[in-house]
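Engineer: dropping a prediction and its sequence here:
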Amino acid sequence: MSKLGRILSRFLPSYKKEYALSAQQAKVFGSIQACRTEKLGASVQAVCSCGKEIIAYNSCRDRHCPQCQGRATRRWVAAQSERLLPAKYHHCVFTIPDALCTLVRYNESALYDLLFQSSSSCLKSFFANDKRFGGQGGFFGILHTWGQRLQLHPHVHYIVACGCLRGDGSWAGGDGYLFNVERLSRVFRGRFLSSAESLLESGRLRLPPGWTAGTARSSLREASRRDWVVYTKETFCGPEKVVEYVGRYAHKVAISEGRILEAGNESVAFEWKDYRRGGEKKTCRVSGPAFVRLFAQHVLPFGFKRIRYYGFWSPSGLARAMDSLKAQGAAAATAIASLLEVAARIAKRHEEYGFRCPSCGELAYEAEVPAFGSLLALLDSS
């Protein structure tokens, strides 16, 4: 069982005496506790050339489980490598301010959707109205809901191609500069708050306990007086590395196993980085039930899509962008052919995951043949 699974097993009973679990939280916690234990059955993880069968317990594959994200990340990176274009890329982050976190806790689906909608529409309009571009941009976003100390901190990471597909089918490339972040921030703030107020007026927002509609309006007004953080930076590693660069964000969970330092009988200690002090590593210690509560607020609603694709990054749009670039001449066609070769290498590198056989030390590869009945075990555990 993972460190997180042991913490949940130890502190969930006392946590549930004070707080209620949603059905989704109960399912996720049950999966994490059952992950790689006898509850899910066993599988042949690999067969080495020496004939040794390496047996391992099955994984839960829940997207919130820190043990199960390696395989998902490898597959995702291999798939995205096929979407590379010979363009410069930017890493953009759009963040909701702390003043709205209480409202977000009680309206996760609505306000996380709104975070995606307002930030993506902001990027789309900037691409359409900028004289350098004047067309359809291409980008994808990944939702994160946490900060380094596991506090609620909703934000979306975008990878944005510095170029666009114009209405006449031509490609317009950028010079490496994307957009002014102050203007992005103001437009993003205005669109989010306007839509949030509309949701409130139409009764589609759930009010936290003790709140009235007036309290919610005050919260929105307070947020309107603050500067909203929008960050953008060019990824200097080149297009062939950009997908691997963002792979660290794609299937990241609220806390990794490596950050959990100690789990005692009453408290949990974990590591966090203080970015206000240059990323200095510090230790945070909280009570066991408080740790469970911190982690529980990052369980996403059932079926919520936390990775979304926009503009020409969709499969059909990407094909048009490729054709447009090829039409620009032999140099562009050669660059695309080179990137396709890079994509093939990335896919091959991530296709098989190797590790050393404990018997002979030779490299073995995952086989993962699920044991019969593991699905029933998972259902029983939840």
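Structural biologist: Good, I have the coordinates.
Engineer: helix or strand: which one has the residue nearest to Phe116 when sequence neighbours are not counted?
Structural biologist: Leaving aside its chain neighbours, Phe116 sits nearest to Arg308 (5.8 Å; criterion: C-beta to C-beta, 6 or more residues apart in numbering). From N, CA and C alone the C-beta is placed, and that goes for glycine too. Counting by DSSP states H and E, the element that carries Arg308 is strand 307-311.
Engineer: what sits up against that strand?
Structural biologist: Contacts with strand 307-311, where a contact means C-beta atoms under 8 Å, 6 or more residues apart in numbering, come from 76, 116, 120, 123-124, 127, 136-143, 164-165, 250, 317.
Engineer: so which residues of the stretch 1-150 of the chain form strands?
Structural biologist: 42-47, 53-57, 89-95, 138-146 (DSSP state E, counting those that start in this stretch).
Engineer: any idea which of those strands scores lowest on pLDDT?
Structural biologist: Ranked by mean pLDDT, the strands of the stretch 1-150 of the chain end with strand 42-47 in last place, scoring a mean of 60.
Engineer: I'd like to know which of the contacts of strand 307-311 are buried.
Structural biologist: 76, 116, 120, 123-124, 127, 136-143, 164-165, 250, 317 (16 or more other C-beta atoms under 10 Å).
Engineer: okay, and the beta partners of the residue nearest to Phe116?
Structural biologist: Gly141 (DSSP bridges).
Engineer: contacting residues for Ala223?
Structural biologist: Pro97, Ala99, Leu100, Arg189, Leu193 are the contacts of Ala223 under C-beta under 8 Å, 6+ apart.
Engineer: these in helices, which ones?
Structural biologist: Among those, the residues falling in helices (DSSP state H) are Arg189, Leu193.
Engineer: ranking the contacts of Ala223 by neighbours, who comes first?
Structural biologist: Leu100 (23 neighbours; other C-beta atoms under 10 Å).
Engineer: make sure that residue is actually in contact with Leu111.
Structural biologist: Yes: Leu100 is within contact range of Leu111, at 7.4 Å (criterion: C-beta atoms under 8 Å).
Engineer: overlap of the contact sets of the two?
Structural biologist: Both Leu100 and Leu111 are in contact with Ala196, where contact means C-beta under 8 Å, 6+ apart.
Engineer: ok so, going back, from the contacts of Ala223, which is closest to Val229?
Structural biologist: Within the contacts of Ala223, proximity to Val229 (C-beta to C-beta) peaks at Pro97, which comes in at 7.6 Å.
Engineer: these two touch, right, the closest one and Trp228?
Structural biologist: Yes: under the criterion of C-beta under 8 Å, Pro97 makes contact with Trp228 at 6.0 Å.
Engineer: between the strand holding Arg308 and strand 138-146, how many degrees?
Structural biologist: Strand 307-311 and strand 138-146 are oriented at 150 degrees to each other (axes from the mean of the first three to the mean of the last three C-alpha atoms, to 10 degrees).
Engineer: in strand 307-311, what's buried?
Structural biologist: Counting neighbours by 16+ other C-beta under 10 Å, one finds that the buried residues in strand 307-311 are Arg308, Tyr309, Tyr310, Gly311.
Engineer: tell me the pLDDT at the first one?
Structural biologist: Per-residue pLDDT puts Arg308 at 93.
Engineer: still on that earlier bit, same list (the buried residues of strand 307-311) but as TSV, adding distance to Leu21.
Structural biologist: Shown next, in TSV, are the buried residues of strand 307-311 (distance: C-beta to C-beta, whole Å):
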residue	distance to Leu21
Arg308	27
Tyr309	32
Tyr310	34
Gly311	39
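Engineer: how close does Ile202 get to Gly169?
Structural biologist: Rather than Ile, residue 202 is Ser. 40 Å (C-beta to C-beta, to the nearest Å).
Engineer: ok, these two, which is more surrounded?
Structural biologist: More crowded of Ser202 and Gly169, by other C-beta under 10 Å: Gly169, with 12 against 8.
Engineer: quick revisit: now the strand holding Arg308, how far from the chain's geometric center?
Structural biologist: The chain centroid and the centroid of strand 307-311 are separated by 12 Å under C-alpha atoms, centre = their mean, to the nearest Å.
Engineer: same question for stretch 303-320.
Structural biologist: Here the centre of stretch 303-320 is set off from its chain's centre by 15 Å, with C-alpha atoms, centre = their mean.
Engineer: using PDB, list the CA coordinates for that stretch.
Structural biologist: Output of stretch 303-320 as PDB, limited to C-alpha atoms (Å, rounded to 0.1, in the frame of the first residue of the first chain):
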ATOM      1  CA  GLY A 303     -16.300  12.700 -15.300                       C
ATOM      2  CA  PHE A 304     -14.700  16.100 -15.200                       C
ATOM      3  CA  LYS A 305     -12.300  16.600 -18.100                       C
ATOM      4  CA  ARG A 306      -9.100  18.200 -16.700                       C
ATOM      5  CA  ILE A 307      -7.200  18.200 -20.000                       C
ATOM      6  CA  ARG A 308      -8.900  20.100 -22.900                       C
ATOM      7  CA  TYR A 309      -7.800  20.900 -26.500                       C
ATOM      8  CA  TYR A 310      -8.700  24.100 -28.400                       C
ATOM      9  CA  GLY A 311      -8.400  25.600 -31.900                       C
ATOM     10  CA  PHE A 312      -6.200  23.800 -34.400                       C
ATOM     11  CA  TRP A 313      -4.900  21.500 -31.600                       C
ATOM     12  CA  SER A 314      -7.900  19.400 -32.300                       C
ATOM     13  CA  PRO A 315      -7.300  16.400 -34.700                       C
ATOM     14  CA  SER A 316      -9.100  18.000 -37.700                       C
ATOM     15  CA  GLY A 317      -7.600  21.500 -37.000                       C
ATOM     16  CA  LEU A 318      -4.100  20.100 -36.700                       C
ATOM     17  CA  ALA A 319      -4.300  18.500 -40.100                       C
ATOM     18  CA  ARG A 320      -5.300  21.800 -41.700                       C
END
